[in-house]
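J.: Show me how the following folds:
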Amino acid sequence: MDKTKAALDITPDTKVGTLLANYPHLENFLIEMSPVFARLRNPILQRTVAKVATLRQAAEIGGLPLATMINSLRKAAGLEETITGEETGSNNAEKPDWIDFSAVAKSLDAGPILEKGEHPLGRVMNELKELEPGKIYELITPFIPAPLIDMAKGKGYLAWTKSEGSEKFLTYFKQK
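T.: This is a model prediction of the structure:
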């Protein structure tokens, strides 16, 4: 570990990119925790998603209990374990009543956007603003877009994600 950068605390709100910049040896450790994190080796995703995704969101993406993930990272970084509990993300939530697939008015496959090194956040938020009341927006991604979901929820949208295998996630948004 680099002694000049050792002061960074690891919490659920730590950005993945900040974690890896301060503790580069934790990249392989993260990948061992969940194969989903192998995408972190992609420099494009490191420049886009890792900069905005928090460890709380990464736990949801990786399907890991948050406390276990944070404490394992802290231990590997030489810090004391401090987080208790087994909080998990909402990835396993059942389909909510507001989901009506016939109401999907717009769909975006963000895979090609991410492959070009761009982030779909701005486009999705703009298209959500244009969504008619009662209509649903579908976003297709190769991972759970946890930062985008949190932002949309903060702007008053409902969100629900379902997986179709380990490489395809469908997230649905609707105005509250």
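
J.: where exactly do the strands run in this structure?
T.: Using DSSP state E, the strands of the chain run over 104-109, 136-141, 157-163, 169-175.

J.: Tabulate those strands (CSV), appending mean pLDDT and distance to residue 69.
T.: From N, CA and C alone the C-beta is placed, and that goes for glycine too. Output for those, formatted as CSV (pLDDT from 0 to 100; distance: least, C-beta to C-beta, whole Å):
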stretch, mean pLDDT, distance to residue 69
strand 104-109, 97, 29
strand 136-141, 95, 21
strand 157-163, 90, 19
strand 169-175, 93, 19
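
J.: From the contact counts, what lies against the lengthiest helix in the chain?
T.: For the chain, the helix with the greatest residue count under DSSP state H is helix 66-76. If you count contacts as 3 or more C-beta pairs under 8 Å, 6 or more residues apart in numbering; DSSP states H and E, helix 66-76 packs onto helix 26-33, helix 55-62.

J.: Would you mind finding the most buried of the ones you listed?
T.: Compared across the helices and strands packed on helix 66-76, helix 55-62 shows the largest average neighbour count, a mean of 24 (mean count of other C-beta atoms under 10 Å).

J.: Run through who's touching it.
T.: 10-16, 19, 30, 33-34, 36-37, 53, 65-66, 69-70, 73, 88-91, 143-144, 146-147, 150 (C-beta atoms under 8 Å, 6 or more residues apart in numbering).

J.: Which residue lies nearest the spatial centre of this protein?
T.: residue 146 (3.1 Å; C-alpha atoms, centre = their mean).
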